[in-house]
Each structure stands twice: as C-alpha cells, then as structure tokens.
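**Student:** Build me a structure from this.
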Amino acid sequence: MSIELSDIAKSSARGSFFLFLGRTSSTIIMAIASILIARLLGPENYGLYTIALIAPSFFIALCDLGISPALIRFSAHFHSKSKDRKVAGLIQAGIIFKFISSLILSLILLLLSESIATWVFRRQDLGLLIRFTSLYLVGQAIFETLNYIFIGLDKTENSGLLMNIQAITKIVASVLLIIFGLGAIGAILGLGLSFLLAAVIGVTVLLLRICPSLYSHNPGENVDFFQALRLMIPYGMPLYLSHIIFSLLTQYQGFILALFVSNTEIGNYKTAMNFSVLITLLSYPIASSLFPAFSKLSIKKDRNMVEKMFKLSVKYTSLLLIPASLAVAVLSKELIYTLYGPQYQLAPSYLALYILSFLCSGLGMVVVSNFFNGQGDTPATLRMSLVNLGLSLPLALILTFLYGVSGLVTSVLATQLLSSTYGLFLAHKKYAVTVDRVSSLRTGVAALSSALLVYIFIALAPISIPILKLAVGGSIYVASFLAFAPLLKVISKEDIKNLDELLKELAPIYPIAKRILSLEEKILALNIAL
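**Tutor:** Residues are numbered from 1 along each chain as shown. As a prediction, this is how the structure comes out:
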C-alpha cells in the first residue's frame, strides 16, 4: 500500500472497528429485546407488531431527500480538505431540515393510520398500533441522521454510543410496558422512547461539542441553510430515490406477506430476519466506513489507488461475509432454537435461505454502491436500485403466492444476485475497476467445505441440546475455515501483511488478530513447501 492509501485504509479500519463494537453490543441488547418481546407477545401478536412498523419505516424514508448520505459525502470530503466551518453549516442545515420534514410526515401518518390499517393491510385492529408508531417518527429520523454525520466525521465511537443508548432504552421500556399489560402498544411506545432519548443526547453532543470545534476553523468560510440544501439535495436525490425504492420493496414484501400468509408465518419470518443482523454486524461497519473512504479519493486523480482500494475492499469484505453467511446458514436451527425456542419451527429454513444473499459480497455487493457514492456518481446507484425494483415486483408476487415465505426469500436471493452483477458490470464499464473473482471463488469453496463438516457433525453427533451443538459446530467451522483458507490460497503473504498493517492500531483486538495471522502464515508456508 502507498502511504496515502494506507492512511485512508487505517482510518476506514478504525471506523469499522468502532462501528463494529457499537453495532455488536447494541445488537446483542436488541436481540435480547426482540427475544423477550417475541416471547411475551407470542407469534400472533408479534406478527401484528411487525406489520404495524411497516408504515412508519416508509414515512421515515420519505423525509430524507438524500440529506443523510450527502452529509457523509461532504463531511468526509470537506473535512479532509480542512474546510470544517463549511461542514458545521451543512450539519446544522441537515438537522433542521430533517426535524421539520419528519414532524410533518408524523402528523400525516397519524391522520392516515386508520385508512392504512383498513385499506392497505386489511386489518382494522392495526389502526391503533399504527397511530402510536407515528409518535416516534421524528426521533428515529434524527437518530439516523446523527449516525450518518458521525460516520462522515470519523467519529464512529459517538455513533456506537447512540446505538447502545437506543438499544438499552428499548429493552427496558418495551419489556416493562408489555409486562404492565400494554401488549404490542407497549412494545411500540418503548421503541419510540428509545429513539427520542438517543436523538436528544446525540443532538446535544453535536451542537455543544462537535460543531463549536468545527466553527473554530476557517472562520471566513461558511454556508447558510439554503446554500447547504442546494449542495446536498442534488447529490443526495438519486440516493433518496434509491432508498425510497428499497423502502417500497420492503413495504411491498410486507404487504404481500400480509395477503398470502398467516400471522404465525410472518412472526417466524421476522424471527429469521432478526438473525440476519449477525451478518450485518460485519457488513454495516465495513460499508459505512467505505463510503467516506472513497469520498476522500478521486478516480480521475488517484486512479491506481482507487482501483487497488476497490479490489482489496471486495476481497477482504468477502473474506468476512462469505464464511460468516454459510456459518449462520448451516447452524440456523441451533441458533433459532437456542434463543427463541422450538415454537418458531419455520424460522430456521427461512434464515438459512435468506442469509445466502450475502454470498453476493464476492461480486462487490457491499462495495460497489459505496464506491459510486464516494465518487459522486449517485445516478449509478439509482440505476442499480431500479434494476432491483424491476426484478423484485413480479418475482416477489409470483413466488410468494406459490410458495409463501420461502418464495419471497427466493425472490430476494435472485434479485440480489442479478442487481449485484449489474452493479459490478457498471463499475467496470464506467471506471474500469474489477474484483478478484478467483479469490471470491476460493473463499466460497473454503467456507462451503467448512459448512459441510459442520453439517455432518450436526447430523451424526449424539447431542440433543441446541446450545451444545451450536458451540461445538461453531468451533469446528472456525477451526476448519482457518485451516482451509491458506491451504486453498484464499489469502496470500501480501494479504497477511496488509491485514496486519490495518489491524495494528486496533489495540483491543490486535494481539488476537496477530496470533491468527501468524497461524495463517505458518499454514501458508507449509502448503508452499509441500
């Protein structure tokens, strides 16, 4: 790596690490919350709770207009050029805009709640639940915007803090309100309170600590509210439309499920989706850190660095996500039964099928859109979303009608594969960047080999307790993949050197990482000698 690329890579690794810590701890708390809520409500009411949250999710997406991703792009870009006063102006304009737009939309949702329950979901008893969901729309919109801001400024530790505040508040408030007899309404109120509290704390930190520090630099350079919007909205609008498409697809999938399958099946599907966060624990920090990293470089001026960064990003992302996804797939039953119990007997098959979509990381699924966004080519991201939309609309409807939840998940797999392939084609055509397909294939073979060993163990082992199978099966998977990776040349000496350089400054995990890398180097040397 060159010095400049090394600095950017280390900054990205640091951001990924703190986001991973924050996301992991908050996800553990949220997982416990979801388990308790699911057990307290039961599959029927948990399914109603899941459906009620569909409408506000769409309304939250409507209020953004691309402001949030624009804040990442321009915060990272201008901060790297020491134009911090300009960054402060953009941040304040973004917060004000999101507050006003989300407040207006929350009032609209409140007024339309009964109509949405009756005419969209065909469940009149949902009206009251949807009415309560409108109460937290402002808090969630501001909370999400704050996370984008902290990521753009490389202050991901603050983002992690907010995630944990929100998660802790949710588990305490939701569980207590359910126990007090409020049922699904209590779960929704607890969720709303968690977003509101986290948003208030985040805005306080931002306005009292971070913005004053930014304003102290370059006192002559600033942007007012309308200048900031004129800069951010044109850039962010294609991403806003992409996000709307994604939200529409999510609501469309929820609507189709509500039409064709039972509340119990929806509850099982929601439980399976809760476990998908095991993979997003890895993908979210990486993707979030790659966006500002690519924003600091221009392919016109730094082509060699950008090309190398793109290829290595896909390679190392695949090295994490492909084996992790296959591990979750092969251990899906043990995971579900250990934490949720055997009453969610449909969830393991849904989880095992859905989690395979992360295999597309080998085609740049996580990297490509962040590459486009970092280079300012947001229309390319929009084109990928339109391809996804065009494929999803007919496939989801037909396959869900024919095969229920399994059909819906299959449609997700198909559209993710095709849209990722299209995105990679577009990146190569426009910017001549590519991925190391051989490396992705080798990673897949190593992970599949490990998964087969675990599958054989689960089928033959005389162990009936799910948590024991999970512990032993997980250990077998990790050990076998670490052995297969150097033997199948998934990693090279250069990869080990790069990873060692990236992880060196992450003191909490470097001693462990160093031992693993040393082991991989020894196995690699043995393989070469043979």
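**Student:** Run through the helices of the stretch 51-200 of the chain in chain order.
**Tutor:** Taking DSSP state H, counting those that start in this stretch, the helices of the stretch 51-200 of the chain run over residues 54-62, 67-80, 84-115, 127-133, 137-152, 156-177, 183-205.
**Student:** could you say what helices and strands the shortest one packs with?
**Tutor:** Under the contact criterion of 3 or more C-beta pairs under 8 Å, 6 or more residues apart in numbering; DSSP states H and E, helix 127-133 touches helix 3-52, helix 54-62, helix 84-115, helix 183-205. Where C-beta positions appear, they are placed from N, C-alpha and C, glycine not excepted.
**Student:** And for the first one?
**Tutor:** Using 3+ C-beta pairs under 8 Å, 6+ apart as the contact criterion, the elements in contact with helix 54-62 are helix 84-115, helix 127-133, helix 137-152, helix 225-260.
**Student:** Of all the helices of the stretch 51-200 of the chain, which one is nearest D377?
**Tutor:** For D377, the closest of the helices of the stretch 51-200 of the chain is helix 67-80, at 11.1 Å, according to C-beta to C-beta.
**Student:** tilt between the closest one and helix 137-152?
**Tutor:** Interaxial angle, helix 67-80 versus helix 137-152 (axes from the mean of the first three to the mean of the last three C-alpha atoms, to 10 degrees): 30 degrees.
**Student:** Output helix 67-80 as CSV, restricted to C-alpha atoms.
**Tutor:** Only the C-alpha atoms of helix 67-80 are listed here, as CSV (Å, rounded to 0.1, in the frame of the first residue of the first chain):
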residue,chain,number,x,y,z
ILE,A,67,-29.7,14.7,3.1
SER,A,68,-28.2,11.9,5.2
PRO,A,69,-25.9,10.3,2.7
ALA,A,70,-24.9,13.7,1.4
LEU,A,71,-23.8,14.6,5.0
ILE,A,72,-21.4,11.6,4.9
ARG,A,73,-20.1,12.5,1.5
PHE,A,74,-19.5,16.2,2.1
SER,A,75,-18.5,15.9,5.8
ALA,A,76,-15.7,13.4,4.8
HIS,A,77,-14.8,15.4,1.6
PHE,A,78,-14.6,18.9,3.2
HIS,A,79,-13.1,17.7,6.5
SER,A,80,-10.3,16.0,4.6
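**Student:** Any buried residues in it, and which?
**Tutor:** 67-79 (16 or more other C-beta atoms under 10 Å).
**Student:** contact partners of stretch 34-49?
**Tutor:** For stretch 34-49, the external contacting residues (C-beta atoms under 8 Å, 6 or more residues apart in numbering) are 123, 125-126, 129, 171, 174-175, 178-179, 183-184, 187-188, 262-264, 266-268, 270-271, 274, 339-341, 343-344.
**Student:** Return a ChimeraX selection command for the buried portion of the residues you listed.
**Tutor:** Command for ChimeraX that selects the buried part of the contacts of stretch 34-49, burial taken from 16+ other C-beta under 10 Å:
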select :123,126,129,171,174,175,178,183,184,187,188,263,264,266,267,268,270,271,274,339,340,343,344
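**Student:** For L176, give me its contacts.
**Tutor:** G186, G190.
**Student:** Just the pLDDT for it.
**Tutor:** According to the prediction, L176 has pLDDT 91.
**Student:** From A187, how far out is it?
**Tutor:** 11 Å (C-beta to C-beta, to the nearest Å).
**Student:** likewise D500?
**Tutor:** From D500 to A187 the distance is 45 Å (C-beta to C-beta).
**Student:** How about F143?
**Tutor:** F143 is 18 Å from A187, by C-beta to C-beta.
**Student:** Pull the contacting residues for L193.
**Tutor:** L193 neighbours (C-beta under 8 Å, 6+ apart): Y136, T169, K170, A173.
**Student:** Kindly report the same for V306.
**Tutor:** With C-beta under 8 Å, 6+ apart, V306 has these contacts: F294, L297, S298, I299, Q375, Y431, V433.
**Student:** one more time with 10 Å, if that's ok
**Tutor:** Shown in contact with V306 (C-beta atoms under 10 Å, 6 or more residues apart in numbering): L5, F294, L297, S298, I299, K300, F371, G374, Q375, Y431, V433.
**Student:** now the second one: how far from L53?
**Tutor:** This points to F294. From F294 over to L53 (counting by C-beta to C-beta), the distance is 32 Å.
**Student:** Give me the more crowded residue out of these two.
**Tutor:** Taking other C-beta atoms under 10 Å, F294 and L53 do not tie; F294 has more neighbours (26 against 17).
**Student:** Poorly predicted segments of this structure, please.
**Tutor:** Residues of the chain meeting the criterion pLDDT under 70: 1-20, 22-23, 80, 82, 212-221, 277-278, 281-293, 296-297, 501-510, 527-530.
**Student:** Swap in 50 and give it another go.
**Tutor:** 1-3 (pLDDT under 50).
**Student:** which phi and psi does D436 have?
**Tutor:** Backbone torsions for D436, taken as degrees, to the nearest 10, come to phi -90, psi 90.
**Student:** who's in contact with stretch 347-355?
**Tutor:** With C-beta under 10 Å, 6+ apart, stretch 347-355 has contacts from 265, 267-276, 278-279, 324-337, 340, 342, 344, 404-406, 408-410, 412-413, 416.
**Student:** Which ones among those residues lie within strands?
**Tutor:** Using DSSP state E, no member of the contacts of stretch 347-355 falls within strands.
**Student:** coming back round to it: which of the buried residues of helix 67-80 lies closest to P486?
**Tutor:** Distances from P486 to the buried residues of helix 67-80, taken by C-beta to C-beta, are shortest for A76, at 35.1 Å.
**Student:** list the contacts for L524?
**Tutor:** Contacts of L524 (C-beta under 10 Å, 6+ apart): A485, P486, L487, K489, V490, I491, S492, K493, D495, I496.
**Student:** List only those of the residues you listed flagged as buried.
**Tutor:** Using 16+ other C-beta under 10 Å as the burial test, the contacts of L524 include A485, P486, V490, I491, D495, I496 as buried.
**Student:** ok, the fourth one - contacts?
**Tutor:** Residues touching I491, when contacts are defined by C-beta under 10 Å, 6+ apart, comprise 315-316, 319, 439, 442-443, 446, 485, 498-499, 517, 520-521, 523-524.
**Student:** Also the first one?
**Tutor:** With contact set as C-beta under 10 Å, 6+ apart, A485 has these partners: L319, P323, R442, T443, A446, A447, S450, I491, D495, E520, I523, L524.
**Student:** ok, now the third one?
**Tutor:** When the contact criterion is C-beta under 10 Å, 6+ apart, the partners of V490 are 315, 318-319, 322-323, 438-447, 481, 484, 520, 524.
**Student:** what would the helices and strands packed on helix 127-133 look like in JSON lines with distance to F225?
**Tutor:** Below are the helices and strands packed on helix 127-133 laid out as JSON lines (distance: least, C-beta to C-beta, whole Å):
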{"stretch": "helix 3-52", "distance to F225": "28"}
{"stretch": "helix 54-62", "distance to F225": "21"}
{"stretch": "helix 84-115", "distance to F225": "5"}
{"stretch": "helix 183-205", "distance to F225": "17"}
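**Student:** who wins for proximity to P462 among those?
**Tutor:** Among those, helix 3-52 sits nearest to P462 (C-beta to C-beta), with 27.9 Å.
**Student:** what about E265, how many residues close to it?
**Tutor:** 19.
**Student:** Run a quick neighbour tally on K301.
**Tutor:** 8.
**Student:** so it, which of the three states?
**Tutor:** At K301 the chain is in coil, as set by DSSP: H, G, I helix; E, B strand; the rest coil.
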